[in-house]
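Novice: Could you look at this predicted model? Sequence included:
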Amino acid sequence: MIGSAIVVENLGKLYRIGSAQKRNQTFRDAMVESVRSSLGRITGRAEKDEKESTIWALRDISFGVEQGEVIGIIGANGAGKSTLLKILSRITEPTTGRAVTHGRVGSLLEVGTGFHPELTGRENIFLNGAILGMNKAQIRKKFDEIVAFSDVERFLETPVKRYSSGMYVRLAFAVAAHLEPDILLVDEVLAVGDMEFQKKCLGKMGEVGRQGRTVFFVSHSMQAISTLAKRTLLLEKGRCSYDGDTRRAISLYRSGFSQGDGNSYLAEIPPGRSGVVRAHVVTSEPGQVHLHGEPLVFEFEIQFGEKPKSGSFAFQILDNEERAIAFLWIFDSEKSWSQKGRVRLRCTLPEPRLYMGTYTLTTYLSDRASREQFERLTGICRFEIAMDNKPREYEWFPQACTYLETGEWSIEK
């Protein structure tokens, strides 16, 4: 493949469960195995056969990556995402197939990978540069940028084993991103950092991609994936079930996590009584997820035991802290709709500005003339607003607002 950065062919990784590898076994390993064997006889735990004691973390994975591509990798826990990055990083070897990388590889996979705990921050910067094939002059050229980005200058002469997880990740990412690897592999470990640092990391990964270098990014944040990557791999149970457009990959991923009709409410109302029989939020994506700004539809089926004098129906949209964000209503005095029996109502928000987060509905059904309240429902029809369709330089972050407004900017010089 001309200009390729990564070529993966029929890749597979088999792990043994509950059995130690005999190769390179230390005295300590032998002692542990002996104790386990004794405990097994005491507890009556039977040895599992070979078939039951193995698992394929990856199976039949094939793809190619061009130089300069930014690739997202998504999937449920245990799908094989981290195993794939470890193979590409040469931390572990595949059981079947091959993975070929062209150029220097910088990786940030899990806290503890890539640094020697007894060495100081300064020493680890030079050690990692040397591993990447850089000489001292090249490392010194990038040294100040790394320190400034990681914000750990006060602790440069401290062994990294004394760093907090946040400090460790800040320095590890700064080293991985600034020492100019041809391929940058980043796992979900960024979640350890604070929100401001995550923004810096996303911005830096975007910059690395624009410089013509390859980025592989594993994340459970669909906002981060959609911001950085145009192409995404979806892994399911060790296999690649989709390789292509990021928006499509995210939709397929979410469809696998749809938990029935969580965005619906159903009830049986006895004859002669009034109440909501059905409520449903029509979301743009599977899994009760709706993309910001897309038309949002609320459907209600209402039963009246008797025709009210002046029917009234209203609902609130509440956030996950039960704060009322929006209020919508329909009165019989405005549109004649209430009647004995059942009626279906539909409310459409053409361009909702609800910000990312989880929401529920509270409904009110009453007769305005007699002021009789027939029913009040709370916490129904849970749905999520996502910002995947609104990529920007930095990832959207929670609790920035509850309602996202757009403004027209002007600049005067």
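Specialist: All right, it came through fine. Numbering: from 1, shown residues only.

Novice: any idea how far Ile146 lies from Gly129?
Specialist: 9 Å (CB to CB, to the nearest Å). The C-beta positions use only the backbone N, C-alpha and C, and glycine is treated the same way.

Novice: Likewise for Ser219?
Specialist: In terms of CB to CB, Ser219 sits 26 Å off from Gly129.

Novice: Poorly predicted segments of this structure, please.
Specialist: Where the chain drops to pLDDT under 70, the residues are 1-3, 17-52, 110-114, 189-195, 256-262, 393-394.

Novice: domain parsing for it?
Specialist: 4-15+56-255, 18-52, 264-386 (automatic domain parsing).

Novice: got a list of what Arg247 touches?
Specialist: Counting by CB atoms under 8 Å, 6 or more residues apart in numbering, Arg247 touches 226, 388-389.

Novice: any idea which helix or strand carries it?
Specialist: helix 246-255 (DSSP states H and E).

Novice: Skip ahead from that helix and say which helix or strand is next.
Specialist: Criterion used, DSSP H and E; the element after helix 246-255 is strand 264-266.

Novice: Give me the buried stretch members for the very next helix or strand once past that following strand, please.
Specialist: Following strand 264-266 in sequence order, the next helix or strand is strand 275-282 (DSSP H and E). Of all the residues in strand 275-282, those buried under the rule 16 or more other CB atoms under 10 Å are 275-277, 279-281.

Novice: possible to save those residues as a markdown table with distance to Asp332?
Specialist: As requested, the buried residues of strand 275-282 are arranged in a markdown table below (distance: CB to CB, whole Å):
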| residue | distance to Asp332 |
| --- | --- |
| Gly275 | 17 |
| Val276 | 16 |
| Val277 | 18 |
| Ala279 | 19 |
| His280 | 22 |
| Val281 | 24 |
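
Novice: Going by distance to Gln373, which of those residues wins?
Specialist: Using CB to CB, Gly275 is the member of those that sits closest to Gln373, with 10.9 Å.

Novice: For that closest one, which residues are in contact?
Specialist: By CB under 8 Å, 6+ apart, the contact list for Gly275 reads 267, 269, 302-303, 365, 374-375.

Novice: please redo it, this time with the cut-off set to 7 Å
Specialist: If you count contacts by CB atoms under 7 Å, 6 or more residues apart in numbering, Gly275 has them with 267, 269, 303, 365, 374-375.

Novice: do the same with Glu294
Specialist: By CB under 7 Å, 6+ apart, Glu294 lies in contact with Ser284.

Novice: switch the cut-off to 10 Å
Specialist: Contacts for Glu294 (CB atoms under 10 Å, 6 or more residues apart in numbering) come out as 283-285, 349-352, 385, 389.

Novice: just so I know, which of the domains of the chain lies nearest Leu404?
Specialist: domain 264-386 (4.7 Å).

Novice: Surely Val218 touches Met205?
Specialist: No: with contacts counted by CB atoms under 10 Å, Val218 stays clear of Met205, the gap being 11.8 Å.

Novice: which residue ends up closest to the midpoint of this protein in space?
Specialist: Nearest to the mean C-alpha position of the chain, counting by CA atoms, centre = their mean, stands His220 at 1.8 Å.

Novice: ok, now how distant is the nearest residue to it once chain neighbours are set aside from Gly72?
Specialist: Counting by CB to CB, 6 or more residues apart in numbering, His220 lies nearest to Glu188, which is 6.1 Å off, once chain neighbours are set aside. Distance of Glu188 to Gly72, computed by CB to CB: 12 Å.

Novice: quick one: common contacting residues for the two?
Specialist: Taking CB under 10 Å, 6+ apart as the criterion, Glu188 and Gly72 both touch 217-219, 224.

Novice: Quickly name whichever of these is closest to Arg59.
Specialist: Nearest to Arg59 among the shared contacts of Glu188 and Gly72 is Val218, at 18.1 Å by CB to CB.

Novice: ok, the closest one - how many residues close by?
Specialist: If you count neighbours by other CB atoms under 10 Å, Val218 ends up with 24.

Novice: quick one, phi psi at it?
Specialist: phi -100, psi 130 (degrees, to the nearest 10).

Novice: Mind listing the residues bridging to it?
Specialist: Beta-bridge partners recorded for Val218 (DSSP bridges): Ile73.

Novice: wait, doesn't the residue nearest to His220 sit right on Val218?
Specialist: Yes: assessed by CB under 10 Å, Glu188 is found in contact with Val218 at 5.6 Å.

Novice: quick one: common contacting residues for these two?
Specialist: 73, 81-82, 109.

Novice: Can I take it that Cys201 is in a helix?
Specialist: Yes: the assignment for Cys201 is a helix, going by DSSP: H, G, I helix; E, B strand; the rest coil.

Novice: any idea how far Val186 is from it?
Specialist: Distance, Cys201 to Val186, by CB to CB: 8 Å.

Novice: what residues are shared contacts of these two?
Specialist: Common neighbours of Cys201 and Val186 (CB under 10 Å, 6+ apart) are 108, 173, 176-177, 217.
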